[in-house]
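A.B. asks: Model the structure of this input:
(one chain, ligands or ions: 1)
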Amino acid sequence: MAAPKKKLQGLVAATITPMTENGEINFSVIGRYVDYLVEEQGVKSIFVNGTTGEGLSLSISERRQVAEEWVTKGRNKLDQVVIHVGALSLKESQELARHAAEIGADGIAAIAPFFLKPWNKDVLINFLKEVAAAAPALPFYYYHIPALTGVKIRAEELLAGIQDKIPTFQGLKFSDTDLLDFGQCVDQNRQRQFAFLFGVDEQLLSALVMGATGAVGSTYNYLGKKTNQMLEAFEQKDFSTALNYQFCIQRFINFVVKLGFGVSQTKAIMTLVSGIPMGPPRLPLQKASREFTDNAEAKLKSLDFLPFTGLKD
Ligand SMILES: CC(=O)N[C@@H]([C@@H](O)[C@H](O)[C@H](O)CO)[C@@H](O)CC(=O)C(=O)O
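C.D. replies: A predicted model of the protein is given here:
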């Protein structure tokens, strides 16, 4: 079994893939991005080429280059770099998994294939097993995101006896609001050896109560510091302070969700807050509107989430 260097815990930023206005990947800002996460947001682990990173919209060659750049720039600065290697083609997933191992990533994750879909948990496990086996020395995480993959197999079902089939299985990235399913995953893991990383940032506090060991999300790119304060309050059993932080974070997410929120808007917000240009998303996504960015900026300021004014200029 692959021994994790260290259990993946705390906040993990689902990284954005920065792009130029021409739609090419902007590798030149990744070093700055790493420093920003560590120094300004207190976030030291990352999840690369996932949903926020538009991993499925990149070519295999681009995914390899992006992974390599994050590993290189994160060396001696980041705790863990997990690479999402999920793809529709098993061969491509395996190639990405092997590559992640070669470049020294700390773990790999995969979503369920979502065009020709696995129809039950055994079929899904067979697929994931082959992906994981391509990087036998790396911890493997299943990325459960049923709303986007359309694969509704409950995570709790999948987990039963999974390490017998996938010896490198190390945990779950759970991007769904079904806390019954999530709770039952934690409950059946009596030896507490797995990482349970929650992926719905606006509901993280509920998942912590349910036993989440960490969280992977898009908002930790720019609300990492605030969310870390919530984690600290939770850790100290100061639940009312933790709840205040969660409500504050929810006020922002609720506001942007009503305006229309996704990867494009995440890129715009991160550009605004960090001052690092994230560029437009790749088609079929469309760049966030100016109106969205102005409204988001006003909200961030009103919530005191934007300490430095004038960054945008
Ligand atoms: C559907 C989606 O993009 N969910 C985000 C959340 O962080 C989400 O942006 C946040 O909870 C706001 O709704 C993450 O779960 C995705 C993620 O971790 C990834 O980029 O791989």
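A.B. asks: Spell out which residues of this protein are next to the ligand.
C.D. replies: By C-beta under 6 Å from any ligand atom, the residues of the chain that approach the ligand are 14, 47, 50-52, 175, 199-202, 216-219, 253. For glycine as for every other residue, the C-beta is placed from the backbone atoms N, C-alpha and C.
A.B. asks: Tell me where the stretch 201-313 of the chain is predicted with low confidence.
C.D. replies: For the stretch 201-313 of the chain, applying pLDDT under 70 flags the ranges 307-313.
A.B. asks: now the strands for the stretch 1-150 of the chain?
C.D. replies: Along the stretch 1-150 of the chain, counting by DSSP state E, counting those that start in this stretch, strands occupy 10-14, 45-48, 80-84, 107-110, 140-144.
A.B. asks: can you tell me which of those strands comes nearest to Thr72?
C.D. replies: For Thr72, the closest of these is strand 80-84, at 9.8 Å, according to C-beta to C-beta.
A.B. asks: Would you indicate which residues of the closest one are buried?
C.D. replies: 80-84 (16 or more other C-beta atoms under 10 Å).
A.B. asks: How about stretch 184-201?
C.D. replies: Those would be 184-186, 189, 194-201, for stretch 184-201 by 16+ other C-beta under 10 Å.
A.B. asks: Could you do stretch 145-155 as well?
C.D. replies: Buried, per 16+ other C-beta under 10 Å, within stretch 145-155: 145-146, 149, 151, 153-155.
A.B. asks: related to what we said a few turns ago, any idea which of the residues of the chain next to the ligand has the most stuff around it?
C.D. replies: Phe47 (31 neighbours; other C-beta atoms under 10 Å).
A.B. asks: Just the pLDDT for that residue.
C.D. replies: Phe47 carries a pLDDT score of 98 in this model.
A.B. asks: from memory it sits against Gly86, does it?
C.D. replies: No: using C-beta atoms under 8 Å, Phe47 is not in contact with Gly86; the gap is 11.7 Å.
A.B. asks: shared neighbours, the two?
C.D. replies: Taking C-beta atoms under 8 Å, 6 or more residues apart in numbering as the criterion, Phe47 and Gly86 both touch Ala109.
A.B. asks: returning to what we had before: is it possible to get TSV of the buried residues of stretch 145-155 that adds pLDDT?
C.D. replies: Putting the buried residues of stretch 145-155 into TSV (pLDDT from 0 to 100) gives the following:
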residue	pLDDT
Ile145	98
Pro146	97
Thr149	97
Val151	97
Ile153	97
Arg154	97
Ala155	97
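A.B. asks: Name the member of those residues with the shortest distance to the ligand.
C.D. replies: Nearest to the ligand among these: Ile145, at 6.5 Å, using C-beta to the nearest ligand atom.
A.B. asks: what sits opposite the residue in the stretch 201-313 of the chain positioned nearest to the ligand in the beta ladder?
C.D. replies: In the stretch 201-313 of the chain, the residue that lies nearest the ligand is Gly217 (3.1 Å; C-beta to the nearest ligand atom). Gly217 has the following beta-bridge partners by DSSP bridges: Ala13.
A.B. asks: ok, it - contacts?
C.D. replies: Contacts of Gly217 (C-beta under 8 Å, 6+ apart): 11-14, 199-201, 204.
A.B. asks: let's go with 7 Å and repeat that
C.D. replies: 14, 199, 201 (C-beta atoms under 7 Å, 6 or more residues apart in numbering).
A.B. asks: I'd guessed the second one sits against Leu172; true?
C.D. replies: It refers to Gly199. No: here Gly199 lies out of contact with Leu172, judged by C-beta atoms under 7 Å, at a distance of 9.5 Å.
A.B. asks: and Leu204, how many neighbours?
C.D. replies: Going by other C-beta under 10 Å, the residues that sit close to Leu204 add up to 27.
A.B. asks: cool, and the one 5 residues further on?
C.D. replies: By the measure other C-beta under 10 Å, the count of residues near Val209 is 13.
A.B. asks: May I have the phi/psi pair for it?
C.D. replies: Note on Val209: backbone dihedrals following degrees, to the nearest 10 are phi -60, psi -40.
A.B. asks: sorry, back to before: closest to Tyr141 among the buried residues of strand 80-84?
C.D. replies: For the buried residues of strand 80-84, the residue nearest Tyr141 by C-beta to C-beta is Val82; the value is 6.6 Å.
A.B. asks: Show me where the stretch 101-250 of the chain has its helices.
C.D. replies: 121-133, 146-149, 155-159, 162-165, 179-188, 204-209, 220-235, 239-259 (DSSP state H, counting those that start in this stretch).
A.B. asks: Which one, of those, ends up nearest to Glu21?
C.D. replies: Taking these one by one with C-beta to C-beta, helix 220-235 is closest: 20.4 Å.
A.B. asks: Now tell me what touches that closest one from outside.
C.D. replies: Helix 220-235 is contacted from outside by 10-13, 16, 37, 41-43, 204-205, 208, 241-242, 245-246, 248-249, 269-270, 273-274, 305, using C-beta under 7 Å, 6+ apart.
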